[in-house]
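*Asks:* predicted model follows, preceded by the sequence.
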Amino acid sequence: MTKRALITGITGQDGSYLTEHLLSLGYEVHGLVRRVALEDPTRRFTRIEQVLDRVTLHAASLESYPSIFHLFSKHEYDECYHLAAQSFVAESFLDGFSTMNVNINGTHYMLAAIRELQPRCRFYFAGSSEMFGKVRDVPQREETPFHPRSPYGISKVAGFELTRNYREAYGMFALSGLLFNHEGPRRGFEFVTRKITSTVARIKAGQADELRLGNLEARRDWGHAKDYVRAMHLMLQQDEPDDYVVATGETHTVREFCQRAFAEVGLDWQQYVKIDEQFYRPAEVDLLVGDPSKARERLGWEPEYSFEELIREMVREDVRALAGATGARA
Ligand code: NAP
Ligand code: G4F
């Protein structure tokens with residue numbers, strides 16, 4: 001029988017890759033979108049334009065329980081992937097209140113509506129390595145205590161605890177993926193990897209002459225989003241609900257990402273990167289590196305992309321997109 005999945009955050013990086021993955025597996029895919037997005041499809045659906053004729057979109061507000069309740073009264077879902085969130089850490093320092101509102105209450109509304117209307121629907125919560133924050137173990141594992149360093153990280157700890165509590169209290173198949181940073185050519189331009197690769201492309205094309213960044217010493221465990229959405233799906237196929245770290249097990253500095261991205265187009269990063277205090281955060285997460293042993297052993301999950309391949313693809317796609325936009329030859 002065809003499975004039906006609901007994805008919140010379908011217009012985002014992960015939502016778009018997950019949609020393609022589930023469609024390739026024969027799923028019927030539905031997505032929750034904001035009403036404003038439905039009114040402005042050419043700008044808001046850029047990541048899912050290639051699958052628009054194969055998905056069903058529903059306008060709903062994550063800030064309203066009645067809206068979410070109504071969504072679950074229209075169709076039965078086998079699986080729900082709750083990816084929608086204010087996902088930019090730096091923004092959460094500027095507006096912690098709206099980050100908390102959407103990320104915590106939105107998750108609670110989803111869980112409460114599923115419990116009320118479709119308790120057999122399997123629920124995935126998009127947890128984050130930001131929950132480990134000021135890390136207590138290296139590498140970070142499922143058992144590593146949380147010490148979030150931003151309103152975003154705090155909101156994800158709350159979402160994780162809500163999800164666990166619905167699982168324990170009401171027997172729901174509800175779990176969290178503790179996903180480390182994952183990127184790709186569809187990454188938002190505000191995140192450091194895409195900021196770097198898109199600016200590298202503009203510098204190479206003569207459209208920019210510098211790249212302004214904050215902390216170059218921060219270390220992240222960067223994987224490819226295409227690999228990580230496969231893990232989300234695998235988690236919901238297990239016999240029992242459980243939480244999983246998804247990571248590559250490698251860590252690199254922002255400096256190293258810069259160096260490699262500029263080298264892809266034959267440039268020396270040191271000639272272009274300038275440090276700008278405005279991009280430092282009030283509290284930084286200095287080091288993230290995950291231990292994906294549990295995902296590897298129980299889900300049979302392995303990442304296919306290396307760090308080098310990730311950077312190569314991102315730079316290549318940004319160079320190509322720019323050449324297409326300007327009519328220049330690639
Ligand atoms: P993203 O590209 O920023 O996408 C976020 C999605 O959430 C978009 O579809 C956005 O819709 C939607 N959204 C935001 N606020 C909303 C609201 N108030 N109402 C309805 N929808 C709203 O994020 P991503 O990288 O795909 O990440 C997906 C999830 O995984 C997020 O929960 C993120 O926190 C979490 N996560 C990401 C990473 C990572 O490295 N990428 C790692 C760990 C966890 P619009 O298009 O309308 O703005
Ligand atoms: O790319 P970032 O903004 O990602 P961050 O903060 O690690 O968060 C991402 O990954 C999380 C998983 O760990 C997700 F949960 C979250 O939703 C998001 O997807 O910043 C990465 C690092 C930080 O240490 C930051 O201080 O890069 C450093 N950085 C240095 N200069 C910069 C910049 N980050 C940004 N965005 N812009 C800069 O100019």
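*Replies:* Received, thanks. Ligands and ions are numbered 1, 2, ... in the order given.
*Asks:* buried residues in stretch 286-300?
*Replies:* L287, L288, V289, G290, D291, P292, K294, A295, R296, L299 (16 or more other C-beta atoms under 10 Å). The C-beta positions use only the backbone N, C-alpha and C, and glycine is treated the same way.
*Asks:* let me have the residues you listed in TSV, extended by secondary structure, distance to N215 and pLDDT.
*Replies:* Formatted as TSV, the entries for the buried residues of stretch 286-300 read as follows, by DSSP: H, G, I helix; E, B strand; the rest coil; distance: C-beta to C-beta, whole Å; pLDDT from 0 to 100:
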residue	secondary structure	distance to N215	pLDDT
L287	strand	12	98
L288	coil	13	98
V289	coil	17	98
G290	strand	20	98
D291	coil	24	98
P292	coil	25	98
K294	helix	30	98
A295	helix	29	98
R296	helix	31	98
L299	helix	33	98
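*Asks:* out of the residues you listed, which touch ligand 2?
*Replies:* For ligand 2, the contacts drawn from those by C-beta under 6 Å from any ligand atom are L288.
*Asks:* surely Y109 is in contact with Y65?
*Replies:* Yes - counting by C-beta atoms under 8 Å, Y109 sits close enough to Y65 to count as a contact (4.6 Å).
*Asks:* these two - which one has more neighbours?
*Replies:* Neighbours per residue (other C-beta atoms under 10 Å) separate Y109 from Y65, with Y109 holding more: 22 against 17.
*Asks:* close to ligand 1, is the helix or strand containing the more buried one?
*Replies:* Assigned by DSSP states H and E, Y109 belongs to helix 106-117. No - contact check for helix 106-117 against ligand 1, using C-beta under 6 Å from any ligand atom: none in range, with a minimum separation of 6.7 Å.
*Asks:* can you list the residues that contact that helix?
*Replies:* Outside of helix 106-117, the residues that reach it under the criterion C-beta atoms under 8 Å, 6 or more residues apart in numbering are 8, 62-65, 68-69, 71-73, 80, 82, 84-85, 121, 123, 125, 158-159, 162-163, 166, 170, 172, 174.
*Asks:* chain center to it: distance?
*Replies:* The gap between the average C-alpha position of helix 106-117 and the chain average comes to 21 Å, counting by C-alpha atoms, centre = their mean, to the nearest Å.
*Asks:* can you give me the buried ones in it?
*Replies:* In terms of neighbour count (16+ other C-beta under 10 Å), helix 106-117 has its buried residues at G106, T107, H108, Y109, M110, L111, A112, A113, I114, R115, L117.
*Asks:* which SS class is R281?
*Replies:* The three-state label given to R281 by DSSP: H, G, I helix; E, B strand; the rest coil is coil.
*Asks:* any idea how far it is from ligand 1?
*Replies:* With distances taken as C-beta to the nearest ligand atom, to the nearest Å, R281 is found 16 Å from ligand 1.
*Asks:* what's the neighbour count on that residue?
*Replies:* The criterion is other C-beta under 10 Å. On that basis, R281 has 15 neighbouring residues.
*Asks:* swap in G266?
*Replies:* If you count neighbours by other C-beta under 10 Å, G266 ends up with 7.
*Asks:* repeat that for the one 5 residues further on.
*Replies:* Q271: 10 surrounding residues under other C-beta under 10 Å.
*Asks:* residues contacting it?
*Replies:* Counting by C-beta under 8 Å, 6+ apart, there are no residues that Q271 touches.
*Asks:* contact partners for the closest residue to ligand 1 within the stretch 201-330 of the chain?
*Replies:* Ligand 1 sits closest to A225 of the stretch 201-330 of the chain, with a gap of 6.3 Å, by C-beta to the nearest ligand atom. By C-beta under 8 Å, 6+ apart, A225 lies in contact with Q13, D14, Y17, H182, E183, G184, R186, R187.
*Asks:* which of those come close to ligand 2?
*Replies:* With C-beta under 6 Å from any ligand atom as the criterion, the subset of the contacts of A225 in contact with ligand 2 is empty.
*Asks:* okay if I get those as a markdown table plus secondary structure and distance to E49?
*Replies:* Below are the contacts of A225 laid out as a markdown table (DSSP: H, G, I helix; E, B strand; the rest coil; distance: C-beta to C-beta, whole Å):
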| residue | secondary structure | distance to E49 |
| --- | --- | --- |
| Q13 | helix | 14 |
| D14 | helix | 17 |
| Y17 | helix | 14 |
| H182 | strand | 22 |
| E183 | strand | 20 |
| G184 | coil | 16 |
| R186 | coil | 12 |
| R187 | coil | 17 |
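*Asks:* I appreciate the help and will end here.
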